[in-house]
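[1] Sequence first, then the predicted structure:
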Amino acid sequence: MGLDAERVINGSFGELWEDGEWQENINSLVADVNIQKSALKTSGTRWDKHKVIGVDGTGTASGFKVTSKMIQKNSWVMGDRGVPAKTELISKLDDPEAYGHERIRLKNVKWDSINLANWTAGEEVTQETPFTFEGFELLDPIEA
């Protein structure tokens, strides 16, 4: 049995939700869990063994600038005693030809930078905002 091309998921049907609000301006999302390992040397072999010692979550949300909401939400950085804003993101892929839809919740998201200005005359203004997260939950898996 070969690959059914209609079942391959198209990113055009991706959505990003932040704290329950659809972020319509976002057109790209990347979220990765990075597995940290320690190399162990053992006798009798040249091969290193690897022990998992931690994980961390990183990502980037990209899209069109529509409002100043991101700047306002992260204005805590201006003060010496500000508290970082935490949020929750839900990534959704829902291609109508796929076997189903997938939703992944990213927990304890903290934005890494604030894009204050980034524009060129004659071009749409886009933003790329990196973030970290602490945990995820696969809410709706896609299964054949």
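    Looks like it came in fine. Numbers count the residues shown, from 1 in each chain.
[2] mind checking how far the residue in the chain sticking out farthest from the centre is from Ile104?
    Largest separation from the mean C-alpha position in the chain: Gly44, at 42.0 Å (CA atoms, centre = their mean). The gap separating Gly44 from Ile104 is 42 Å, by CB to CB, to the nearest Å. Backbone N, C-alpha and C define where each C-beta goes, glycine included.
[3] Gly11 too?
    Distance of Gly11 to Ile104, given as CB to CB: 14 Å.
[4] Tell me which of those two has more neighbours.
    For Gly11 versus Ile104, the count of surrounding residues by other CB atoms under 10 Å is larger for Ile104: 17 against 10.
[5] Which strand or helix spans the residue most central in space within the chain?
    Centroid check for the chain by CA atoms, centre = their mean gives Ala31 as the closest residue, at 3.2 Å. Taking DSSP states H and E as the criterion, Ala31 maps to strand 26-40.
[6] which residues in this structure form helices?
    Using DSSP state H, the helices of the chain run over 69-73.
[7] show me the contacts for Val30.
    Listed by CB atoms under 8 Å, 6 or more residues apart in numbering, the contact set of Val30 reads 59-60.
[8] Recalculate using a threshold of 10 Å.
    58-62, 91, 128, 130 (CB atoms under 10 Å, 6 or more residues apart in numbering).
[9] Leu93 now?
    Taking CB under 10 Å, 6+ apart, one finds 9-15, 29, 100-104, 140, 142 in contact with Leu93.
[10] Specify which member of the residues you listed is nearest to Trp76.
    Leu29 (23.5 Å; CB to CB).
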